[in-house]
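A.B. asks: From the sequence below, what's the structure:
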Amino acid sequence: MRPHLVRLFTAAALIPWSSPPAPVAAGEAAGEKAQAREDGWIELIGSSGGIDAFEGTRHPGWETVATAAVNPEKPDRLIGTPGTGVVFNGAAGRAPNLVTRQKFGDLAAHVEFLVPRKSNSGVKLEAVYEIQIFDSYGVKTATAGHSGGIYPRAELLPRYHHIDDGYPPLVNASRPPGEWQTLDITYHAPRFDGSGKKTASARFVKVVLNGRVVQDDVEVPCPTGNNWRNKEQPTGPLLLQGDHGPVAFRNVRVRPLP
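C.D. replies: Modelled structure (predicted):
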């Protein structure tokens, strides 16, 4: 059965991004190198270079570069120029997902991404609630599988397939492949009482793609994709998907919300 979409327009839900930051919810790993700024934003990928904020030490398949662009000889692949500030998943266009060392609850996230033709990626809050990234430019009727959609539930067997429609974006705000695009996400984690019973579902309070609202106060009763049976948690890492197709990221930052 498809999850129900609940729109709750309350002042408490629409927390402005200028609110004072709260501490990271849990689990700062020793040696954490994410850069916390004075305004409360934590830089994960940016001018400081590297991707040390993510689990692992070598990040196979990922490259740190100054710029990324569509490969003119292979329009479904990316190339980069030497330097720092941008990361992409290499000439092969596939690499293990990037998962933050830190765990977060309620969160604002800013992600800039670039994909070539027909590519596929995503941003997952708590590593299991996904906002889809896809080459969706020019699509007349966007589904939840297009950029800005809250990804559907899915099963792996007998072959990968969706079992509901997810939550399509309110509007297709995608730019052409090869152009930088921006996602701004305000997310509320699920709530639990003292016994561990869930009292409120996860919610995407606001998702803005390239300056246009694509999700507005959508309650998500379970994780997305094939994670939908997983036990939900009050905190979790941010995940950037790199194993589904070529993608580049820059200016990725998060801010825990009070």
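
A.B. asks: For the stretch 151-258 of the chain, just list every one of the strands.
C.D. replies: Here the stretch 151-258 of the chain has its strands, by DSSP state E, counting those that start in this stretch, at 154-155, 161-162, 181-188, 191-192, 198-200, 202-209, 212-220, 239-240, 248-256.

A.B. asks: How about residues contacting the fifth one?
C.D. replies: The one in question is strand 198-200. 190, 191, 192, 193, 232 (Cβ atoms under 8 Å, 6 or more residues apart in numbering). From N, CA and C alone the C-beta is placed, and that goes for glycine too.

A.B. asks: and which of these is nearest residue 61?
C.D. replies: Each of those was scored against residue 61 by Cβ to Cβ, and residue 232 proved nearest at 29.6 Å.

A.B. asks: ok, back up a step: can you redo the contacts of strand 198-200 as CSV with neighbour count?
C.D. replies: Output for the contacts of strand 198-200, formatted as CSV (neighbours: other Cβ atoms under 10 Å):
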residue, neighbour count
190, 22
191, 16
192, 14
193, 9
232, 20
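
A.B. asks: Kindly reformat these as TSV and extend each row with pLDDT.
C.D. replies: Shown next, in TSV, are the contacts of strand 198-200 (pLDDT from 0 to 100):
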residue	pLDDT
190	98
191	97
192	97
193	96
232	96
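
A.B. asks: Go through stretch 227-243 and flag the buried ones.
C.D. replies: Judged by neighbour count using 16 or more other Cβ atoms under 10 Å, the buried positions of stretch 227-243 are 227-228, 232-242.

A.B. asks: hmm, back to that, what's the farthest-apart pair in the contacts of strand 198-200?
C.D. replies: With distances taken as Cβ to Cβ, the most widely separated pair in the contacts of strand 198-200 is 193 and 232, at 13.2 Å.

A.B. asks: so what's the one residue sitting closest to the centre of the chain up against?
C.D. replies: What sits nearest the mean C-alpha location of the chain, by Cα atoms, centre = their mean, is residue 123, with 1.7 Å. Shown in contact with residue 123 (Cβ under 8 Å, 6+ apart): 109, 111, 130, 131, 133, 183, 185, 238, 239, 240, 241.

A.B. asks: Spatially nearest residue to the fifth one (excluding sequence neighbours)?
C.D. replies: Distance criterion Cβ to Cβ, 6 or more residues apart in numbering; nearest residue to residue 133, sequence neighbours excluded, is residue 121 at 4.0 Å.

A.B. asks: Name the strands paired with the helix or strand harbouring the one you found and say parallel or antiparallel.
C.D. replies: Using DSSP states H and E, residue 121 maps to strand 120-125. Sheet pairing for strand 120-125, assigned by DSSP bridges, gives strand 129-134 (antiparallel), strand 239-240 (antiparallel).

A.B. asks: ok, residues contacting the last one?
C.D. replies: Residues lying outside strand 239-240 but in contact with it, judged by Cβ under 8 Å, 6+ apart, are 54, 97-100, 111, 121-124, 127, 247, 249, 252.
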